[in-house]
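Q: Need a 3D model of the sequence below.
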Amino acid sequence: MNYIIDFNILFSSMLSGKSFYKTLFRNNNFFTPDFIFVELQKYENQIIEKTKLEIEQLISYTKFLFNHLKVFPNLVMTLKSKQYAFDLIKDIDLKDITYLALSIELEIPLITRDEVLFNGLRKKGYKNVILFSEFINAN
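A: As a prediction, the model looks like this:
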């Protein structure tokens with residue numbers, strides 16, 4: 001199956017280093033916008049400080065994750081998808097707009113741990129969003 005993942009899923013996996021995430025990445029097609037690199041850079045020091053992995057393990061683990069993650073440039077999202085995403089998310093959390101726009105553009109579900117985002121989108125009628133906990137329970 002195909003899914004969009006947001007940064008909080010990648011962040012959690014890098015902090016925990018659990019093989020469970022490797023299985024998820026191996027068994028699913030995960031997509032994300034290139035904005036993930038901005039967030040990764042922003043939280044790089046926090047990841048290094050808080051991860052349960054040694055630095056060499058973290059590097060190897062991160063390479064594995066990115067070998068199983070398809071990153072799309074902002075360019076692939078049409079103005080229509082971006083505008084629809086903006087209209088849905090403007091009063092929820094604008095930093096997640098590119099994840100939502102990619103979900104809209106590719107017409108595949110967005111998986112998130114962010115309950116505020118999930119509930120806000122659902123309240124506005126956007127159903128193509130899944131809480132990570134529900135995704136895990138379904139798999």
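Q: ok, which stretches of the protein are strands?
A: All strands of the chain, identified by DSSP state E, fall at 2-5, 29-33, 69-72, 110-112, 129-131.
Q: any chance of those in CSV, plus distance to T78?
A: In short, each C-beta sits where N, CA and C put it, glycine included. Output for the strands of the chain, formatted as CSV (distance: least, Cβ to Cβ, whole Å):
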stretch, distance to T78
strand 2-5, 16
strand 29-33, 13
strand 69-72, 12
strand 110-112, 17
strand 129-131, 19
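Q: Please identify the deepest-packed of those strands.
A: strand 110-112 (a mean of 25; mean count of other Cβ atoms under 10 Å).
Q: for the strands of the chain, which one sits closest to N119?
A: Among these, strand 129-131 comes nearest to N119, with 9.1 Å by Cβ to Cβ.
Q: so what does the closest one touch, helix or strand wise?
A: strand 110-112, helix 115-123 (3 or more Cβ pairs under 8 Å, 6 or more residues apart in numbering; DSSP states H and E).
Q: Just the mean pLDDT for the last one, thanks.
A: For helix 115-123, the per-residue pLDDT values average out at 96.
Q: again, but for the first one
A: Computed over strand 110-112, the mean pLDDT rounds to 97.
Q: what sits against L102?
A: Residues in contact with L102 (Cβ atoms under 8 Å, 6 or more residues apart in numbering) are I4, F31, T32, P33, F72, V76, M77, S81, L110.
Q: now do I47
A: F11, M14, L15, L40, L58.
Q: again with I4
A: Applying Cβ under 8 Å, 6+ apart, the residues near I4 are F30, F31, T32, Y99, L102, S103, L106, I108, P109, L110, I111.
Q: What is the nearest of the contacts of L102 to K22?
A: Nearest to K22 among those, with distances taken as Cβ to Cβ, is T32, at 16.7 Å.
Q: what does stretch 131-139 contact?
A: Y3, I9, L24, N27, I111, T112, R113, E115, F118.
Q: starting at the chain centroid, how far to it?
A: In terms of Cα atoms, centre = their mean, to the nearest Å, the centre of stretch 131-139 is found 14 Å from the chain centre.
Q: Stretch 66-80 now?
A: 12 Å.
Q: Need the contacts of stretch 131-139 in a markdown table (columns: distance to F66).
A: As requested, these are exported to a markdown table (distance: Cβ to Cβ, whole Å):
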| residue | distance to F66 |
| --- | --- |
| Y3 | 16 |
| I9 | 13 |
| L24 | 14 |
| N27 | 16 |
| I111 | 17 |
| T112 | 19 |
| R113 | 19 |
| E115 | 26 |
| F118 | 25 |
